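1. Coordinates for the following, if possible.
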Amino acid sequence: LLFDIANFDGLYARFKENNETVGEIIEMGGARTFNFPDRDGNFYAVRETTEL
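-> Sure, this is the predicted structure:
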């Protein structure tokens with residue numbers, strides 16, 4: 001699943017502050033993106049957006 005989010009930096013910081021596993025921020029298709037796993041090992045992606 002891919003989630004578009006406007007508060008991209010805030011969400012990433014929250015993952016890091018809570019010591020959650022989170023991938024590095026990368027540039028993909030002209031937008032910043034990172035991924036994270038759930039407790040079952042399924043990965044989800046988050047993409048920065050300015051439109052919501």
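2. so T21 sits right up against F36, yeah?
-> Yes. The criterion here is Cβ atoms under 8 Å, and T21 meets it with F36 at 6.3 Å. Just so you know, the C-beta spots here come from the backbone N, C-alpha and C atoms, and that holds for glycine as well.
3. who's more crowded, these two?
-> F36 (16 against 10; other Cβ atoms under 10 Å).
4. how close does that one get to E20?
-> Counting by Cβ to Cβ, to the nearest Å, the separation of F36 from E20 is 6 Å.
5. list the contacts for T49?
-> Each residue near T49 by Cβ atoms under 8 Å, 6 or more residues apart in numbering is listed here: 4-6, 8, 31.
6. can we see that at 7 Å?
-> 4-6 (Cβ atoms under 7 Å, 6 or more residues apart in numbering).
7. what's the distance between it and D4?
-> 4 Å.
8. how about the strands in this structure?
-> 2-5, 26-28, 31-37, 43-48 (DSSP state E).
9. where in the protein is pLDDT low?
-> The model of the chain has pLDDT under 70 over residues 52.
10. Kindly report which residue of it is located farthest from the centre.
-> D40 (17.3 Å; Cα atoms, centre = their mean).
11. how close does it get to I25?
-> 24 Å.
12. cool, and N35?
-> Counting by Cβ to Cβ, the gap from N35 to I25 is 10 Å.
13. Likewise for Y12?
-> From Y12 to I25 the distance is 7 Å (Cβ to Cβ).
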